[in-house]
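Chemist: Just a sequence and a predicted model for now, questions to come.
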Amino acid sequence: MIERSALENAWNNINSKFPFDNYIPLARKESYFEMPLSVSKYLESGAKILDFGAGSCDKTAMLSSCGYDVVAFDDFGDDWYNFPGNKDKILNFAKEFDIEYKQSQGRLEDLFEKCSFDGIVLNNVIEHFHDSPGDLMNELLDFLKPNGFIFVAVPNAVNLRKRIDVLFGKTNYPPFAYYFWQRPWRGHIREYVKNDLIELNRFLGLDSVEISTHHYHLDQLKPWNQKIFKSLCRVFPGLRESWLYVGQRSENWVPKNSPNDEEFNQAFGKQYFNYKKNQIFS
């Protein structure tokens, strides 16, 4: 496991060199520690990692600073990345932390070799997908070495803060103004609960090694609320803000491109009773 002092040094170094003011919330420091700590449980320093959906590379730099050989990828589809100078600042920041940054909206197979990574990280990424994550994740797993690990962090769709908001008639979605004016919409499409991650692991055909909850965004709460939140979550850990799923690719893994009969019935139900599975998944 990575020592606390190494994480603190990495955090301070990143904050001193990051090119965008007020982008990294100082109150969210612990959330920047969670992924390196999780990765270090399964992969030694020096392991090669793909950070898919790396964005501004601030959290990617934490992995690199902790001794991992990191390749970052993003399609830079958000408008913010394409404001004058922003993309160059991100790429220069990545270079300063020895991160190779890949950017493309084309085929991933043109960028990466099969079985070339010890680990793949999707840090708050798949909740933004407009479609099923299945095809893309199967494609990414093709780049993972046998016995390698995939790390998927996602927001908890039913965390305590959201439950309270809904109870009082507030929305558990992003602010409506943000949704209305961001075109195209690149925000959250589907957040996750524990059973979703259990099924994600089953559908991908991986070995599940960890599904755990974490505090990623406590800075959204006032300090006294944070104490209450943490106390309740010690008793009910499923109320924390985020989930982490870690899956391992076996030696004989192959992508699963269609459901078995049980999964087909679970997904489509009686309305597809007169159809056969091979008529939909051909």
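Modeler: Yep, it's here. Numbers count the residues shown, from 1 in each chain.
Chemist: Over to L244: give its phi and psi.
Modeler: Its backbone dihedrals place L244 at phi -120, psi 130, with angles given as degrees, to the nearest 10.
Chemist: In contact with it: list those residues for me.
Modeler: Contacts for L244 (CB atoms under 8 Å, 6 or more residues apart in numbering) come out as 34, 38, 151-153, 210-214. To be clear about C-beta, it is placed using only N, CA and C from the backbone, and glycine gets the same treatment.
Chemist: So which of those residues sit within strands?
Modeler: Among the contacts of L244, the members found in strands (DSSP state E) are 151-153, 210-214.
Chemist: So for stretch 150-160, mean pLDDT?
Modeler: The predicted model gives stretch 150-160 an average pLDDT of 95.
Chemist: The least confident helix or strand in the chain by mean pLDDT - contacts with which helices or strands?
Modeler: Across the helices and strands of the chain, mean confidence by mean pLDDT, DSSP states H and E is lowest for helix 277-280: a mean of 70. In this structure, helix 277-280 makes packing contacts with helix 261-268, judged by 3 or more CB pairs under 8 Å, 6 or more residues apart in numbering; DSSP states H and E.
Chemist: Please name every helix or strand in contact with the helix it packs on.
Modeler: In this structure, helix 261-268 packs against helix 277-280, with contacts taken as 3+ CB pairs under 8 Å, 6+ apart.
Chemist: For the stretch 1-150 of the chain, just list every one of the helices.
Modeler: Taking DSSP state H, counting those that start in this stretch as the criterion, the stretch 1-150 of the chain contains helices spanning 4-17, 29-40, 58-65, 86-96, 134-141.
Chemist: Determine which two of the ones in strands among the contacts of L244 are furthest apart.
Modeler: Spatially, the most separated pair among these is F151 and T213, at 14.5 Å (CB to CB).
Chemist: Those two - which one has more neighbours?
Modeler: Taking other CB atoms under 10 Å, F151 and T213 do not tie; F151 has more neighbours (22 against 18).
Chemist: Quick check: closest non-adjacent residue to that one.
Modeler: Leaving out its chain neighbours, the residue that sits closest to F151 by CB to CB, 6 or more residues apart in numbering is V121, at 4.8 Å.
Chemist: I'd assumed Y42 was in contact with that neighbour.
Modeler: No: counting by CB atoms under 8 Å, V121 stays clear of Y42, with 11.5 Å between them.
Chemist: and these two? which has more neighbours close in?
Modeler: Counting neighbours by other CB under 10 Å for V121 and for Y42 shows that V121 has the greater number, 27 against 16.
Chemist: who's in contact with that one?
Modeler: By CB under 8 Å, 6+ apart, V121 lies in contact with 35, 39, 49-52, 63, 150-151.
Chemist: ok, so of these, who is nearest E262?
Modeler: Nearest to E262 among the contacts of V121 is I150, at 23.9 Å by CB to CB.
Chemist: Now do the same contact list for the closest one.
Modeler: When contacts are counted by CB under 8 Å, 6+ apart, I150 touches 119-122, 137, 140-141, 144, 206, 246-249.
Chemist: try 6 Å this time
Modeler: Counting by CB atoms under 6 Å, 6 or more residues apart in numbering, I150 touches 120, 247.
Chemist: what bridges to it?
Modeler: Per DSSP bridges, residues listed as beta-bridge partners of I150: I120, G247.
Chemist: From D207, how far off is it?
Modeler: 11 Å (CB to CB, to the nearest Å).
Chemist: and what of Q279?
Modeler: The separation that Q279 has from D207, given CB to CB, amounts to 32 Å.
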